[in-house]
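Engineer: Here is the input, now give the coordinates:
(chains A and B)
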2 protein chains.
Amino acid sequence: MTEIKFKRLALIGIGLIGSSIARSARQNDLAEEIVCAARTADTRRVALELRIVDQAYEDPVEAVEGADLVIFCTPIGTYEALAQTIAGHLAEGAIVTDVGSVKSAVVKAVQPHLPAHVHFIPGHPIAGTEKSGPAAGFAELFIGKWCILTPTPDTDEQALARLTALWTAMGSDIETMDPDHHDLVLAITSHIPHLIAYNIVGTADDLEEVTKSEVIKYSAGGFRDFTRIAASDPTMWRDVFLHNKEAVLEMLGRFTEDLTALQRAIRREDGEALFDIFTRTRAIRRQIIDAGQETAEPDFGRVHGPKDEG
Amino acid sequence: MTEIKFKRLALIGIGLIGSSIARSARQNDLAEEIVCAARTADTRRVALELRIVDQAYEDPVEAVEGADLVIFCTPIGTYEALAQTIAGHLAEGAIVTDVGSVKSAVVKAVQPHLPAHVHFIPGHPIAGTEKSGPAAGFAELFIGKWCILTPTPDTDEQALARLTALWTAMGSDIETMDPDHHDLVLAITSHIPHLIAYNIVGTADDLEEVTKSEVIKYSAGGFRDFTRIAASDPTMWRDVFLHNKEAVLEMLGRFTEDLTALQRAIRREDGEALFDIFTRTRAIRRQIIDAGQETAEPDFGRVHGPKDEG
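Structural biologist: Just a heads-up that it's a prediction; the model follows:
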């Protein structure tokens, strides 16, 4: 049987995802010691006060010292320098992984710098909320969510089994795939949705004919659903778009073509074309609910009525 | 004091909105008799079984007979023929209103056909869910939500006061505005969000490189939020786009321009431009929550963990 428990888990970065891993690892007894590295003193203080880590270091080198599991939980743009910094300090046989939303660029940025005596297996839990920071995490974040790992053909089998066991213990379902394919799948299921959400919120913010207070007042008509993901961490998302450029531009091209066709249907008053696409999309919602990836409650199960204001 | 209670409330159409009005009117004792008209026998049967109406007619003429309040709750495309059909049967002094998501086209379609002895005051409750049909409604739907009325300068003041009192009693906050301005505000806060949600779900459905089952599995990355509003009633939304063409095309033009600028920033790897827009959009989310139009719970307050699957 695969030994799950690690001796020392080093989280580089302790935001929403890092702090959720810390909480879940502690709750499920997955590591003897949990430490983190964080650049700002305030983040380290909060992480220690929340008692989700045993130690919080400014220097990632100190965090990885003696760690048998190192997880990068910082924005992707920091990975290359981070890999260079810690490379000489990683323990023999340590597993190094990450939680970034892009995988090909991560392999290119990290792999070349790591010593041969560690196992690098990139990962991506498909979980999160629009909140950021160490106080935003919670132990249940990964339960029932997919976690994608992108091992290579020469990834050590035992290391892969241990990492799989860790995510399974935190409640995730595991899937493995090729980094390039991951980036294409995530471009359409995550990156483009975020981009267009950021975009429409920006468009609304710039209008002169419609005031900002009107946009806010009447946002229940649909707009507010987009503001949720447009409230996600700006640094993380800047890095996603910079590091998954090709797949994002490819998917964005298709999105724009399709939108132009819809625009044309509206201009020509082609009700049939509109009805056809609006009908087709309903089925997908149903399948997502059936797959257990969404609640069947109307309106996301938002509370209607007076409690809304609480 | 304005008398709120109506003698006979006739709902033309008994879907999500119509049935929510019926439930709320009954619960708050706002009408002595509540009747509806519905084209299909099954809808009438369900409405009667749910005991949300006293009578259900196939013919809208029978429903409006003797009614002092008539509310159009069918897709906008049906309004003109409906107004022609019922015009000769409306009671002296009756208030005629609607719940449609477009207002200028509604005024043009309905007003010319109505007799001078009724009061036509278009309305639009900014409330709803992605569900359709008489069983989807609930009495609390309008509580804490805005309802926009678009009276003209010669609208009868007492009729406006009664309609305002009705919506207030159902829990709504009332705002009045010009129909053209309504259509511009809703184009950005509701119609464009629905259009791009329908569009991205369609784009994802057409992909060959990414399978539909992958889109469904990994939808928690952001995509699933869009599927909620892309599951809304196709007939209703077809009619919205056909009847608010000018404002939708205008707002869509701006959205596309802004998206092109974002696309350019990604292609040029202009991280600063991306970071700027991603930062600006966070503030709007905060303001929507502060205005009581959204829950502050992360992830819409979706339950995380095992309960998700229930």
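Engineer: measure residue A:78 to residue A:98 for me?
Structural biologist: As judged by C-beta to C-beta, to the nearest Å, residue A:78 and residue A:98 stand 10 Å apart. For glycine as for every other residue, the C-beta is placed from the backbone atoms N, C-alpha and C.
Engineer: Counting by contacts, list what the strand or helix carrying residue A:43 packs against.
Structural biologist: Per DSSP states H and E: residue A:43 is located in helix A:41-49. Here helix A:41-49 touches strand A:55-57, going by 3 or more C-beta pairs under 8 Å, 6 or more residues apart in numbering or on different chains; DSSP states H and E.
Engineer: what does the strand it packs on contact?
Structural biologist: Outside of strand A:55-57, the residues within contact range by C-beta atoms under 8 Å, 6 or more residues apart in numbering or on different chains are A:14, A:33, A:35-38, A:43-45, A:47-48, A:63.
Engineer: Tell me which other helices or strands whichever helix or strand comes after it touches.
Structural biologist: Proceeding N to C from strand A:55-57, the next assigned helix or strand is helix A:60-64, under DSSP H and E. Contact partners of helix A:60-64 among helices and strands, from 3+ C-beta pairs under 8 Å, 6+ apart: strand A:6-12, strand A:31-37, helix A:79-86.
Engineer: Verify the contact between residue A:16 and residue A:128 for me.
Structural biologist: Yes: counting by C-beta atoms under 8 Å, residue A:16 touches residue A:128, with 6.2 Å between them.
Engineer: what residues do these two have in common as contacts?
Structural biologist: residue A:141.
Engineer: that older thread, now the helix holding residue A:43 against strand A:31-37, angle please.
Structural biologist: 160 degrees (axes from the mean of the first three to the mean of the last three C-alpha atoms, to 10 degrees).
Engineer: Which positions in helix A:41-49 come out as buried?
Structural biologist: A:43-44, A:46-48 (16 or more other C-beta atoms under 10 Å in any protein chain shown).
Engineer: From these, pick the one nearest chain B.
Structural biologist: Lowest distance from chain B to the buried residues of helix A:41-49 (C-beta to the nearest C-beta) belongs to residue A:46, with 17.0 Å.
Engineer: I'd like the contacts of strand A:55-57 as TSV, with distance to residue B:124 and pLDDT appended.
Structural biologist: Below are those laid out as TSV (distance: C-beta to C-beta, whole Å; pLDDT from 0 to 100):
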residue	distance to residue B:124	pLDDT
A:14	46	98
A:33	59	98
A:35	55	98
A:36	50	98
A:37	53	98
A:38	48	98
A:43	46	97
A:44	51	98
A:45	49	98
A:47	48	97
A:48	52	98
A:63	56	98
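Engineer: Which parts of chain A are helices?
Structural biologist: Secondary structure of chain A (DSSP state H): helices at A:16-27, A:41-49, A:60-64, A:79-86, A:104-110, A:157-169, A:179-186, A:192-206, A:212-217, A:223-229, A:234-243, A:245-267, A:271-290.
Engineer: just those helices: most buried one?
Structural biologist: Highest mean neighbour count among the helices of chain A (mean count of other C-beta atoms under 10 Å in any protein chain shown): helix A:223-229, with a mean of 26.
Engineer: Could I get the CA-only coordinates of that helix as CSV?
Structural biologist: Extracted C-alpha coordinates of helix A:223-229, given in CSV (Å, rounded to 0.1, in the frame of the first residue of the first chain):
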residue,chain,number,x,y,z
PHE,A,223,-24.4,40.5,-15.1
ARG,A,224,-23.6,39.7,-11.5
ASP,A,225,-22.8,36.0,-12.3
PHE,A,226,-19.9,37.3,-14.4
THR,A,227,-18.6,39.6,-11.7
ARG,A,228,-17.9,36.6,-9.5
ILE,A,229,-15.2,35.2,-11.6
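Engineer: List of residues touching that helix?
Structural biologist: Against helix A:223-229 from outside (C-beta under 8 Å, 6+ apart): A:130, A:193-194, A:196-197, A:200-201, A:204, A:215, A:219, B:188-190, B:193, B:197, B:222, B:225-226, B:228-229, B:281, B:284-285, B:288, B:293-294, B:299-300.
Engineer: What mean pLDDT does that helix get?
Structural biologist: Averaged across helix A:223-229, the pLDDT comes to 91.
Engineer: chain center to that helix: distance?
Structural biologist: Distance of helix A:223-229 from its chain centroid, counting by C-alpha atoms, centre = their mean, to the nearest Å, is 17 Å.
Engineer: repeat for stretch A:143-161
Structural biologist: 16 Å.
Engineer: Domains in chain A, by residue range?
Structural biologist: As given by automatic domain parsing, the domain ranges for chain A are A:6-177, A:181-292.
Engineer: Show the end-to-end separation of the shortest one, please.
Structural biologist: Using C-alpha to C-alpha, to the nearest Å, the end-to-end distance of domain A:181-292 comes to 23 Å.
Engineer: What of stretch A:37-55?
Structural biologist: With C-alpha to C-alpha as the measure, stretch A:37-55 spans 8 Å from end to end.
Engineer: my read: residue A:183 touches residue A:101, true?
Structural biologist: No: if you go by C-beta under 8 Å, residue A:183 and residue A:101 don't touch, sitting 9.0 Å apart.
Engineer: what residues are shared contacts of these two?
Structural biologist: Joint contacts of residue A:183 and residue A:101 (C-beta under 8 Å, 6+ apart) are residue A:244.
Engineer: ok, the residue in the stretch 51-200 of chain A that chain B sits nearest to - contacts?
Structural biologist: Residue of the stretch 51-200 of chain A nearest chain B, by C-beta to the nearest C-beta: residue A:190 (3.0 Å). By C-beta under 8 Å, 6+ apart, the contact list for residue A:190 reads A:101, A:126, B:218, B:221-223.
Engineer: if you set the cut-off to 7 Å instead, what comes out?
Structural biologist: For residue A:190, the contact set (C-beta atoms under 7 Å, 6 or more residues apart in numbering or on different chains) comprises A:101, B:221-223.
Engineer: Could you turn the buried ones of the residues you listed into a ChimeraX selection?
Structural biologist: ChimeraX command restricting the contacts of residue A:190 to the buried ones, with burial defined by 16+ other C-beta under 10 Å:
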select /A:101 /B:221,222,223
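Engineer: Tell me which entries of the contacts of residue A:190 lie within strands.
Structural biologist: Residues of those located in strands (DSSP state E): none.
Engineer: The nearest residue to residue A:172 once chain neighbours are set aside pairs with what?
Structural biologist: Leaving aside its chain neighbours, residue A:172 sits nearest to residue A:147 (4.0 Å; criterion: C-beta to C-beta, 6 or more residues apart in numbering or on different chains). Listed by DSSP bridges, the beta-bridge partners for residue A:147 are residue A:125, residue A:174.
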